[in-house]
Each structure stands twice: as C-alpha cells, then as structure tokens.
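Colleague: generate a structure from the sequence data that follows.
(chains A, B and C)
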Amino acid sequence: MTRERAVILVALLAIFGAVAWSAWPHETTAAERVDRITSELRCVTCQGLSVEDAPAASTRQMRDLVVQRVAEGRNDDEIRGGFGEWYADWVMS
Amino acid sequence: MSFSFADLGTGALRAALPLAIWGIGAAAYAAAKRDGRALASARWSALITFLLVVLAALAMIGALVTHDFSIAYVARNNALETPLFFTVVSLWAALEGSILLWTAILAGATAYVAWRGTPALPRLATTALAVLFAMLTFFLLLVTTPAADPFVRSDIVPLNGNGPNPLLQNHPLMALHPPLLYLGYVLFSVPFAYAIASLILGEGGDRWLVATRRFALVSWALLGVGIVAGSWWSYAVLGWGGYWAWDPVENAAIMPWLVATAYLHSVMVEEKRRLLRSWNLSLVIATFALTILGTFLTRSGVVNSVHAFTQSAIGPLLLGYLVAIVVLSVGLLLWRLPTLRDAGAVGTPLSREAIFLFQNVVFVAATLTVLLGTLYPLIAEALSGAQLSIGRPYFDRVEVPLALALLFLMGIGPQLPWHGASRVTLERQFTAPIVAAAGGALLAVATALGGAFAVLTYALAAFVVATVVQEFARGIRARRALHGESASTAFANLLRRSGRRYGGYIVHLGIVLVAVAVATSQSKTVEVERTVSAGDHFEAAGYTVAFGGLRSVREPQRDLLVADLAITGNGADENLRPALLFFPNATQAVGSPGIAAGLHDDVYTILVAYDTSARSWATIRVLVIPLVSWLWLGGGVVGLGAVIAALPQPKRREVMRPLTEAPATVGD
Amino acid sequence: MPRWLRYSIVVGIAALVVVLMLSFRRDPHDIRTGTVNKPAAAFTADRLDGTGTLSLSDYAGKVVVLNFFASWCPPCKEENPALVRVWERYRTSDVVFIGIVYEDATDKARTYVSTNGVTWPTVRDDDGRIAFAYGVFGPPETYFIGPDGVIAGRHIGPVDEATLVASIDKLRAQASR
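Modeller: I've put the predicted structure just below:
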C-alpha cells in the first residue's frame, strides 16, 4: 500500500466516524420534540410557513398548545392528529 | 386636452404592438430570402419597439411619482405619503407593472439581438430575432388587454391611493431583487430563441450554443443573485429569522436556475466532445418553459404563496402561452431529432464528461422533485379533491441529499480529465481533498454541529475548497514555470485569460459558502423568547439583550411601535430596534426585525407581542443565527465568478490547456 | 431517443397542462376544515364584557351561530350590518349568536363591539384554543351549529344576510321535525 492510499483510507475512516457519530440517535428533549412537531404543522393564517417558522400570533398559540400536549405526555401522532382533525390534511406539511 | 401619463403609456404600447408583429414578418422574410432591406426594417422595428416600451414604463413611473390616481394601478399601489424611493419601485410592486417591466426587458433583449446578435451567423441570428419578436408580441398583447393593462383608468379617482403592500415598502432590497429576477428570467429568452432558430433552420450544429453561451451565463448569474437577494429580503423583512421557505414563488425561481446550471455544464461537453446535442436543446427549452411556468404559477393565483398576486384574468393567457411554447418547441425538437447525432458516446464513468452527465441527472432530479412538490397540492385536488400542503419536511428530505450529491460531484468533476483518468492519477489528485474533507467533518463534530447532513456538508465543502485551491495552485505553478510570472501576476492572468474555467471555480467557492451557511444556520440557531419590562435584560448564546422600553414613532406613511434593545457581549455593542409597523392599508401590524449582522453570527430580534394597554411589558424573541451572512456573501462570490467567466478572454491561444496535461505539474 | 420515452414526454406534458387547467376551478383561499359535520367542540370562555363566563353547553338544543371576528379585520366590519339585522330578527326565538374574538386586544375588541352595535354575547379566546378547535383560518368565519350540537356549515369571509337566514332556517326546520 502506498503512502497516499494509507492517508486516503485514514481520512475516509475519519469522515465515516464523524458522520456516524453525529447520526447516532440520542434522547430527544421535550424542546426538540416541540420543534419537530411544529415544523411539520402549517401556519394557518400565513401561507406556506410552518408553525416553527411563522411569526403570526396563531402559530404562537399553536406552539403553546403543542408544548402543553408534550408536557402532558401525549405522543407525536396524537398531537399531530388533533390538529389534523380540526384542519384536515391541509395543516400537515 | 391636458397631458396624461395614461394616454402616453397606452399610446406607446399600442404603437409598439403592430411594430412587433411587423418585426416577426420582416425578420422571418430576411432570414428566408437573405433580404438586407427586410433585415434593416426588422432592426429598426426592434429598436423603436424597445424605445416605445421604455417610454411606457417611464410614463408609469411618471404617473406614480406625480400620484396620478386616475390610473387604477397607481391608486392601488401608491399613496401621497409613500416615500419617493418606494414610489418608483412600485413599478414592479404588483402584477401589471411587473409585466410591463418584463416586456421592457424582453424588448431590450430583442433590440440587442437585432443590432448586435452574432454578425458571423446572420441567418441564425435573424431567425432568432423573429422568434424574439413573436414572444414580444405576446407580452405586448398582454399589456394592451384589460387583463394586464397597467394604464386602466380608475372608475372613481380617489383623493389618495392605497399605498404599496406593506411588505414591499419596508426594505431597499425591494429595488434590487425583482428586477434581477426578471432580468434573469427574460434574458434566457435569447438562448431559447437561438435554440429554436437552430431547430427551425435544421442546423444541427453547435453554433447556436456558442453564440448564446454568454447570454445564458449572464442570465443564470442574474437569476442566481436575484434568488439570493430575494432570500436576503425575506430574511430582513418577513421577521421569522429564515431565508427560504419552499414557497411556490421561491420554487418558481429556483427551478429554471437548477436546469440552467445543468445546461451551463453540459454545454462544455458538447463543445469539447460534440456530445449531448439534443440533451442541451432540451435543457434550454426546459429552462425557458420553467420561467414561464413560474410566472404562471405565481401570477395567476392558482397556488398559495406569500407573494402570489391575487387571482387574475391573465392566468389563462399565460397558460396558453406556456402550452404554445412547450408544444412548438418539443414538436420541433422531436422533428429534428434524427439530425442531432452525437459524435460518439460518453465513455468511462471516471471522466469529466461522465461527471457532468451525473451532475445533469441530479440537477434534473432536483428540478422535477421541486416541481412535483409545488404542483402536488394541485394534482391531489384535481384527482381526489383533497386539500393538502407540501412544505419544508418534504423539500428538506428530498433536496438536501441531492444538494450533497451535487457538492460531491462539484469536487470531483474539475479534477477529472476529459476522456478518463488512470487510477494512480486519481489517487494523487484526491489525497489532499479527502484529507481536507476529513478535517471539515472533524471540525463540524468539534463545533457540535447537529446532524449527519450538516457534518457531511462540512466535509464536502472542505473537499470542494481543497480541489479549487489545488486547481489554482496548479495553474499558478504552470504559469510561473512557463512565463516566469510572479504568483500574484499568475493568479490575475489565470482569471483574465482563462476566466471561463477559473471564474467557474470561484462560482464553486460561492456555492460552498452558501452550503456552509445553510448547514450551519439550520442546525445551530439558538432561540430565546422572554417577556420583559423596561430595564430588564437576558442572555442569548453569550449575548446580553437589554430592553430599554417601547416607544411610538410616527412616519408619514406609517406608525411604528419600536422596542429599544441593546446587544452586548461576544464583542458586540449594538442598539437594535425591532418594531411593529402599522400601515393604514394593512389589517394587522407588520413585524420588522432588528438585526445585528456579523461574520460569525447574526443577532436577530423580533418584537412578538406587547402589553396593549399600559405598554409595561413586551415579548422579545432573539435568534442567534450563525454564519447566515455567508449566504449573501456566497451569492456575491457566485456573481463575481460569473462576471469573471463572462468577460471576454484576450486571446484563445493563451487559454490554459485542458486538464489532461496538468497532473504532471502536481508536486509531492 | 426510444419511442416509449418520446411518448411518455408527450403524455407527461399533456398531464401537466390538464392539472394546470383544472387548477383554475379552485380558489386557493377556500380551504375546508375538518370540523364540519362533526359535533361542535365544547368550550367555556370569559365574556368580553367581563360578566363571567359563557359555555356552549348553555345553549344545547338551540341553533347557534358562531362568528369569529376581530377589530382589525375590515371584512368583519363589512359583514356586521347583516349579522345585526339577522340577530334582531331571530333573537327572541331559539337562535343564539356568539361572537368570538380572534387574535385581538381586549380593549380594541370592546370598542368594536360597542361602536358596531354587537348586542349578542361575545367571548374572548386569548390563547386561540376555540379557533383551533373549529379549524378557523382567519376572521371572519361563521359556523352554524344545529340543535343536535353538530356543525352543519361554515362560511368563510364576510357573510351576507341571505346566507345567514337560509342556514338558520334550514337548521330550525330540522329542529321542528
């Protein structure tokens, strides 16, 4: 094996290790769960923005509701499903 | 009778229409019969049409500046108190005005081709001129029908107008972003017209492509810089701390840009290897059709969008135009297909042409998936009546891996020679970039960047930067050996004499900046929201935010409620004024963020809510967004690289030899 | 180019055109909610005038017209005269109007109510929970709840007198059957 080949191999291993390390699943915090759920709900008064992104008052209220539901210990699908019942599929993005 | 801007504008447009129609015939006759007098007639028609449309645009600006509310467009988009700057840019604040601007740019491109269009190729240029006249005729028809006539009179002349949309009178970028996008959109008409002319004439050669290369590059660059300017505008105005929302308007702009990027690369394959002829024609047609599709989607009101104009009667007209363009050009292409033979085939996958082909496939896949996501709500409703929305989760999931694949190809493409390379050469070429990539990945992990995609972005970014540096080093070394130049002279000469190639590398660096900015800002933004009283302060990512209180500010066209914030820490010492703006023509207050921009991170502050009765408290949201300014910087670098690549090169002879000979100069 | 590819390009383009043509039929602002034809969500909320609370269940068995409004919303002002007229016509019968304030400052909403002759009960919805539970996208929106407690219909945007009367009469006829 040439020197170059050895260097390339080590570098590739380092990249693989770094990516694997960062992709390793870790325990999600409540805040991360709120972020994830709200990023998949669509803001109802503004168009095309998710609840996580949009600045409108209704999205703050929606976010508060998600925070509360997460604190109550409901799972992601229950929370999303609740909004889906009110706003049909339109609200899921 | 007194002078009226409406009469002037309407008159100019009505006079331009028959001239453009005449121009189609004159140019077509000149091309068919090689008739010099017909050509001269077509040329003068083009010039006079252009001047008339410019006159109409100036008449609209005059009407806006003089607040001539007898014109409905002025009454709807201007008010007495609108500042002069935003009065002038109201020309493109709404549908009719922006179509007028579009028409003016198209008329300018037509006049340019008429007078300057490739004298070496008279038949091709004259046929392309006829095609441009035909497109110009459509837009002149549009601005002279009631659906999009910018000079329609008001039924009742109001004492004061409505004023522009609040979001559009909030930031100076409004003067830059729409015209850049329109220039990018419209200038692509020229390569398209040449491609169609080449198909009509049955000239299967590559001359159309060489003739319009620079036009394609310039319009691509304008579109790209326009997109970045647009995202900067949305960052600075919309107040949610983001710059890209996969909104239909954004998608409409990015799709032609993606296909045009594919085209700019595959053009090189056709030039060097006489391959991919019908493919390149398809890409040009697709790019142009996507510009019209984008206009249709955003101007007809069929999709929801932050900036879709209201539902309008021009929808069916634009759709008709789109269908005509697609049917005619695809028909022509299929008809001429047998004459478009490639000189051979793409050989080994480890050659530059093969990488370009992969790159093209990924770009087209990215475009099609964006198109699908944009249209899916329409398709679903047409098929099942279901109303649904496609947002960031879909686009992020699909487009991020494609973008990473493109970064990867961007790194290896320039390192591979045409026709293929040996393994030893490859190993030598890629040792340094791969080590750099490992460094990038470890840096991402060390700075606690979240997520595998962000780490991969860093690795690939370092990879690309290393390949570009290696290319420049090699070029400089070769020039020093060959011409005995100093390193800095050699660098300048590389850019000047081989601008197409080295300008292209600078574009790649700009794209890397954008990629790093997106990956970092998306994964490491810190968000803090506090309800505070005057005198309170709180921490956000090492910054101290002190709230000085709320105050009202009265301006002629609006009222402001300003929150005074002092940002200190991390070497910063700035006063920010996030505000709520109250416009008389808006239902709800419009938020305006206060931003302390920095190379390392931006402190982005928003006044979210406040005590409406006593003004004793306010809710402030603070986002600390790392590296987001690199995004605008990257856009600038892309523009700079494109300028270098588009500048005429001194002498063909001086251009660097293709890469096949270069590896010999790589030192150990 | 193989023949199948040629055909599929043509078919693909044709399909795209059809979808775009069909899209003219839809109005992107007309968005359905998931709550119509389902039992109306129960709520108890503070009255706007500060005189205690109001519960939807207090009006069980009656026809209820829920109107979401805000002082900052011009179309609300536009529809208000129609609401006032229809309210005057039905207020003595088994029909009740409830106004729900949507994203508004309480003092501004109070001023709006007093200057626009809103005499039916109005409630606050400060955290927006009522609006969510009905699937409101933005004011004005009007919901018609039958005596059976099911949401029979929804009107987006300013509502006119004819629509109000027709919807109410249909629900009253249903009740008397």
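Colleague: C-alpha only now, for contacts and for neighbours.
Modeller: Fine.
Colleague: so where do the strands sit in chain C?
Modeller: Along chain C, the stretches classed as strands by DSSP state E are C:44-46, C:53-55, C:63-69, C:95-101, C:122-123, C:141-145, C:151-156.
Colleague: show me the one of the ones you listed that comes nearest residue B:22.
Modeller: Proximity to residue B:22, assessed across the strands of chain C by CA to CA, is greatest for strand C:151-156 (49.8 Å).
Colleague: quick check, the closest one touching chain A?
Modeller: No: interface with chain A: strand C:151-156 contributes nothing (CA under 8 Å from any CA of the partner chain), its closest point being 12.2 Å away.
Colleague: now render the strands of chain C as JSON lines, adding distance to residue B:281, mean pLDDT and mean neighbour count.
Modeller: Formatted as JSON lines, the strands of chain C follow (distance: least, CA to CA, whole Å; pLDDT from 0 to 100; neighbours: other CA atoms under 10 Å in any protein chain shown):
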{"stretch": "strand C:44-46", "distance to residue B:281": "65", "mean pLDDT": "92", "mean neighbour count": "16"}
{"stretch": "strand C:53-55", "distance to residue B:281": "67", "mean pLDDT": "93", "mean neighbour count": "15"}
{"stretch": "strand C:63-69", "distance to residue B:281": "55", "mean pLDDT": "93", "mean neighbour count": "24"}
{"stretch": "strand C:95-101", "distance to residue B:281": "58", "mean pLDDT": "93", "mean neighbour count": "22"}
{"stretch": "strand C:122-123", "distance to residue B:281": "63", "mean pLDDT": "94", "mean neighbour count": "24"}
{"stretch": "strand C:141-145", "distance to residue B:281": "51", "mean pLDDT": "93", "mean neighbour count": "24"}
{"stretch": "strand C:151-156", "distance to residue B:281": "48", "mean pLDDT": "89", "mean neighbour count": "20"}
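Colleague: interface residues of chain C facing chain A?
Modeller: Near chain A, when you scan chain C using CA under 8 Å from any CA, you find C:32-35, C:103, C:127-129, C:132-138.
Colleague: show me the shaky parts of chain C.
Modeller: Along chain C, segments meeting pLDDT under 70 span C:1, C:25-33, C:175, C:177.
Colleague: ok, now chain A?
Modeller: Across chain A, residues meeting the criterion (pLDDT under 70) sit at A:1, A:44-57, A:90, A:92-93.
Colleague: buried residues in the longest helix that chain A contains?
Modeller: For chain A, the longest helix by residue count, based on DSSP state H, is helix A:3-23. Going by neighbour count (16 or more other CA atoms under 10 Å in any protein chain shown), the buried part of helix A:3-23 is A:8, A:11-12, A:14-15, A:17-19, A:22.
Colleague: run through who's touching it.
Modeller: B:427-428, B:431, B:434-435, B:437-438, B:441-442, B:445, B:450-453, B:455-456, B:459 (CA atoms under 8 Å, 6 or more residues apart in numbering or on different chains).
Colleague: most centrally placed residue in chain A?
Modeller: The residue lying closest to the centre of chain A (CA atoms, centre = their mean) is residue A:36, at 2.7 Å.
Colleague: please enumerate the helices of chain A.
Modeller: Applying DSSP H to chain A gives helices spanning A:3-23, A:30-39, A:57-71, A:76-87.
Colleague: I'd like those as JSON lines, with distance to residue B:174 appended.
Modeller: Shown next, in JSON lines, are the helices of chain A (distance: least, CA to CA, whole Å):
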{"stretch": "helix A:3-23", "distance to residue B:174": "40"}
{"stretch": "helix A:30-39", "distance to residue B:174": "28"}
{"stretch": "helix A:57-71", "distance to residue B:174": "26"}
{"stretch": "helix A:76-87", "distance to residue B:174": "34"}
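Colleague: of all the ones you listed, which one is nearest residue B:372?
Modeller: Proximity to residue B:372 (CA to CA) singles out helix A:30-39 among those, at 20.5 Å.
Colleague: run the chain-centre distance for that closest one.
Modeller: Counting by CA atoms, centre = their mean, to the nearest Å, helix A:30-39 is centred 6 Å from the centre of its parent chain.
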